[in-house]
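**Q** Could you look at this predicted model? Sequence included:
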Amino acid sequence: MQMPPFPSENGVEGDDEREEGEDVDDEEEEEEEDDEDEPRLKYQRMGGSIPSLLSGDSASCIAVADRMIALGTYDGTVHILDFLGNQVKEFAAHSAAVNDLSFDIEGEYIGSCSDDGSVVLNSLFTDEKLKFEYHRPLKAVALDPDYARKSCRRFVTGGLAGHLNFNTKKWFGYKDQVLHSGEGPIHAVKWRTSLIAWANDMGIKVYDAANDQRITFIERPRGSPHPEILLPHLVWQDDTLLVIGWGTHVKIAAIRTNLNKGANGTYKHVTSSNTNQVDIVASFQTSYYISGIAPFGDALVVLAYISGEEDGEKEFSSTIPSRQQGNAQRPEVRIVSWNNDELATDALPVHGFEHYKAKDYSLAHAPFSGSSYAGGQWAAGYEPIYYIVSPKDVIIAKPRDAEDHIAWLLQHGCHEKALAAVEAGQGRSELLDEVGSRYLDHLIVERKYAEAASLCPKFLQGSATAWERWVFHFAHLRQLPVLVPYMPTENPRLRDTAYEVALVALATNPSFHKDLVSTVKSWPRVIYSALPVISAIEPQLNTSSMTDALKEALAELYVTNGQYDKAFSLYADLMKPDIFDFIERHNLQDSIREKVVQLMIVDCKQAANLLIQNRDLITPSEVVSQLLNTRNKCDSRYFLHLYLHSLFEVNPHAGKEFHDMQVELYVEYDPKMLLPFLRSSQHYMLEKAYEICARKDLLREQVFVLGRMGNSKQALAVIINELGDIEEAVEFVTMQHDDDLWEELIHQCLNKPEMVGVLLEHTVGNLDPLYIVNMVPNGLEIPRLRDRLVKIITDYRTETSLRHGCNDILKADSVNLLVKYYNEAKRAVCLSNEEDVARSKRDANRASQTITPNVRNMDVKSKTRGDGRCCMCFDPFSIQNVSVVVFFCCHAYHTTCLMDSTETNTISKKETGTASEGLYEYEEEEEEEDADDNGGEATDPQMRCILCTTAVS
C-alpha cells in the first residue's frame, strides 16, 4: 500500500510524488484491491528539531531507549532527542560518521562508534565521558545492559580490523579482550542479558559472557550480498530469541543456554556442544532487500528496499544501484509472519528515496514487553514504536489505534464494523455521534429501516430535537412503526405529537397491532393524548381490519381516556381473565347486562357469583335468556346449571320458575345434588321430575318423588325391589307415620328371609318385634335368627334399664331442687336504704358481725334489683307508713303501686273479655289447696311479680 504524504508535527510536509503516465492494467487493479486491506501501522514524520538538524547534515544511525532517542549523523555528532524530536543534548563525539549507537538498559549511558576508530561513552545525566581509540574504523558497538549498575563497565565493539573487542574496567584501568577475530570485519553486534551476538563475513556467532564461552554459530546465508554493500541486521526479540535479517534472508534463532541447578539453589552453566545450543525456529527468503527488521508481536516488521530495474524483475546480486542512478523505489514497511505470509505493506514517501541505497536506511524500535501483545492487540500504553531513518528523514511508525481503525472502516463503508468497534469501547465516546450519523444515513439509503431504528437509541441518545427529526423522517418514509419500540418516553421526553403520530402509524398497519398493544401499555399515559388515536381506530370497528390486538389497544386507550364502560365492552369480547377485577375496580356492575355469556366463558364460577350479587340489576330471567340464546361456541347449559345452582343456594325461591329446568340440569351435570334439590324445592312438577328420574334410572330420587306424590307403596316397592335396602325402607316408613305402610313393609319382606332378619334388627322402637315374629310363616328359614333375637332382647333390656335409670335420676334431681328451693325460701330479704348506704359502709365490719346467717342480700348479679326503690314508681322505701311487697325474686313494690296496677289490669280484662296475663292473677285451685293445707281457712289471692311473674307465698 502506498502511503500518502503525512504532515509532521511542526508542519513540515513531505514530497507528494506520484508516478504519471501509467496505464491502468491488471497489476494496478490488483494493487487497488490490495489497498482495501487495512494497514497495520500509521506513520508520521518526526518534527521537533529533526528538520533543522538534518537540513545541513544526514542521519546515519539511531538508537532508542525507554526515555529518549539517540540520533547519529555523518558529521560525527550524537543528538539526544525526546520522543517528539526535540533536541535534549548534543555530543560532538567523533570526527567522522557515527556508525552505531547503543544504550544501556537504564538509559543512563550512550555509546557510539565511528569511522574515526573511536568509541565514546557519554553519561546522559552527568559529565562523565570516556573515549577509547582503536585506530581502525568501527562499525558496531554494544553496551552491557547493566552498564550503569555494574562497576566493570563492559562494552563490545568491532569494525574493519576484524576483532571483536570486549572492554572491561579492571583495578588498574580498562582492559580489552579480543573475543574473536580472523573472519573478516565485524558488521553488527547486539547484547542481551549475558548473550552477545555479532555478525562478520562468515556468519553470526553468539557468546555467553557469563560462562565465558561461544555457544553457537549461524552461517551466513548463501547468495546474500557482501556485508559491506548490505549490512546484516540483528535484533533480540527476547532473552533467547534472535532475529536475523541479512540480504534477502530472515532467520529466527532460539538460543538455548544450558543451566543446571546447584546445591545452593543457584544456576551454573554446563558446557555442551555448539550444535545443541541453537534452534532455527523460522527461516525464509524475501523478494526484496532487508534494510531493517524488528519484532511485531508474533510477526515481524521489515524495512524493505526494492531496486528499480527497468524490466521490473528483482535481481538478487551483490551489486546495489548507486546513488547516482536515481531509479530506486520507495522503501516499504512490510509486516510478515514467521512463515513469510505478508500481512500488510506500506510504501513510505521518503525525501530523495530515488537516490538511496539499501544501507542508507535503518530501522529501530522502542523496547517493549512481549506480554503487552495478546490476541492481536497491544495493551494500552505499551504499543511498540518504530523509527525509520533515512539520511534526511526520521519517520515514526505506530500500530494503528482504535480511532484509526474506526476512521478507516468509515472511509471504506464498513459502518457495521465501525459501530461495533465504538460499542466495544474503542476510541473516544465522541466518535459515536459521527459514526451514528453516517451509519443511519447509510442504512436509510440501503432501505434497512429496522436496523436503522434499532440503532437510534445509541446514536441519538438524549437529544429530543434529533429524536423528533428522525420520528417525522421515518413517518414521511412510512416506516415509523419500526422506530416506535425504540422511542424514548423520558430523558428525553418528546412532544405529544410525536407519540400520537407513532401510535396512529401502528394502528393503521395490521402487522403492528400487537406492537400497538404493548406500546400503549408500556408508555406513560401523560406523554400523549388518547383522543387522536381513538379517533383513528374507531372507524375500523366492525370491519375486517379490526383485529383482537387492535380491540385490546382501543380498550387500553379508553381506559386512558376514562371511558371505562367502553373499555369493559371490549375486554368482555376479548374475554380477558382480569375483567372481574376491572369491573370491581371501576364499579361497572351496571355494564354487565349484555355480557353474561362472555363473563361465564372467562370464569363461570366468578361470573355466577357476580350475577347473583347483582340480581337486582340483571334478573335471573335475563341471565337464563342470554345463556339459552347464545351463539358462542360454549357449553351454555353447563353455565346455566352453575348459575341456577348458585342462585338456589343463595335464595331457593329466586329462580323458582326454572326449577323444572334445574331438575334436568342436575341430572345432566351433577346427579348427586339432585336429591338435596328435590327435598329443598317446592316449585317443580312432581310428575315431570319423576319421569326424568325414571328415564335416568335414579332410584332414590324416584323414591323421594313418589313419596311426595303420595305413592308411598310404590316408593316402598322401589326401595325393596330395586334398591334392596331394608334400612332405607324402614327409615322411609318411619318418616311416613302410616301404620298401613308398616303392614305393607312386613308383607313385602316376608318372602325374603334376609330382609325379615334385617327388619327384626331395625324395628326396635318402632314396632313390637313379637308382632313381626308372629307373622313369619312356619318353616321360613331366617339367616342368623337366633343372634338377631338375642340382639332384640338385649336391646330391649338395655332400653328398659336406661329408662329406669333416667327416672331415678329425675326423681333425685327433683328432690334436691325442692330442698334447695325450700331452704332459699326460708331466708329473709334485705332491703337497702339510700340513707343507710354511707353508714353501712362505715360500719361494714360491725355490720358483718351482727348480720345473722338467715339474712339474704338482694345483690344478685343475675337478677334485676330494686336497690331500695319501688320497681313501679322508683321512689325509695324510706317513706314512712307505706307497706311494701317483696317477692322471692328480690323485686320490691309499694303495695299501693302494685294494687293500682292490678286494678287497671282487671278492668282491661273485663273490657276485652279475654283471659290475658296480668300483673298478678287469682288462682282458685291453689287457694283451695292452700285452704285445705291451713285447716280450711281461705287466704288472699296469690300475687305475682310484675317483672318476672315469680310467685310469693
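**A** Structure received.
**Q** list the contacts for the nearest residue to residue 106 once chain neighbours are set aside?
**A** Nearest residue to residue 106, sequence neighbours excluded (C-beta to C-beta, 6 or more residues apart in numbering): residue 148, at 4.6 Å. All C-beta spots, glycine's among them, are computed from the backbone N, C-alpha and C. Residues near residue 148 by C-beta atoms under 8 Å, 6 or more residues apart in numbering: 104, 105, 106, 108, 109.
**Q** Tell me the one of those residues nearest residue 701?
**A** residue 105 (110.1 Å; C-beta to C-beta).
**Q** ok, back up a step: tell me, what's the model's pLDDT at the residue nearest to residue 106?
**A** Note on residue 148: pLDDT of 89.
**Q** Averaged over its residues, which helix or strand of the chain has the lowest pLDDT?
**A** strand 855-857 (a mean of 38; mean pLDDT, DSSP states H and E).
**Q** The following helix or strand past it pairs with which strands, parallel or anti?
**A** Once the chain leaves strand 855-857, the next helix or strand it forms, by DSSP states H and E, is strand 884-886. Paired with strand 884-886 in the same sheet, following DSSP bridges, are strand 892-894 (antiparallel).
**Q** Tell me which residues are up against the partner strand.
**A** Under C-beta under 8 Å, 6+ apart, the answer for strand 892-894 is 829, 831, 866, 869-873, 875, 877, 882-886, 946.
**Q** ok, 7 Å please
**A** The contact list for strand 892-894 (C-beta atoms under 7 Å, 6 or more residues apart in numbering) reads 831, 866, 870, 871, 872, 873, 882, 884, 885, 886.
**Q** Report the two of the contacts of residue 148 separated the most.
**A** Greatest spatial distance among the contacts of residue 148 (C-beta to C-beta): 105 and 109, at 10.0 Å.
**Q** Neighbour count: these two, which is higher?
**A** Neighbour count, other C-beta atoms under 10 Å: between residue 105 and residue 109, residue 109 has more, with 24 against 19.
**Q** State the distance from that one to residue 638.
**A** Distance, residue 109 to residue 638, by C-beta to C-beta, to the nearest Å: 103 Å.
**Q** Which one of the contacts of strand 892-894 is nearest to residue 115?
**A** Nearest to residue 115 out of the contacts of strand 892-894 is residue 866 (C-beta to C-beta; 147.4 Å).
**Q** Looking at the closest residue to residue 470 other than its chain neighbours now. What's its pLDDT?
**A** Of all residues not flanking residue 470 in the chain, residue 456 sits nearest, at 6.0 Å (C-beta to C-beta, 6+ apart). Residue 456 is assigned a predicted lDDT (pLDDT) of 87.
**Q** again with residue 639
**A** 90.
**Q** ok, now residue 570?
**A** If you check residue 570, the pLDDT there is 89.
**Q** what about residue 221, neighbour count?
**A** Neighbour tally, residue 221, other C-beta under 10 Å: 19.
**Q** Would you confirm that it contacts residue 246?
**A** Yes - in this structure, residue 221 is within contact of residue 246 by C-beta atoms under 7 Å, at 5.4 Å.
**Q** Can you classify residue 349 as helix, strand or coil?
**A** coil (DSSP: H, G, I helix; E, B strand; the rest coil).
**Q** Give the buried residues for stretch 558-577.
**A** Neighbour-count burial for stretch 558-577, counted by 16 or more other C-beta atoms under 10 Å, picks out 558-561, 563-564, 566-572, 575-576.
**Q** Then stretch 786-797?
**A** Quick answer for stretch 786-797 (16+ other C-beta under 10 Å): 788, 792.
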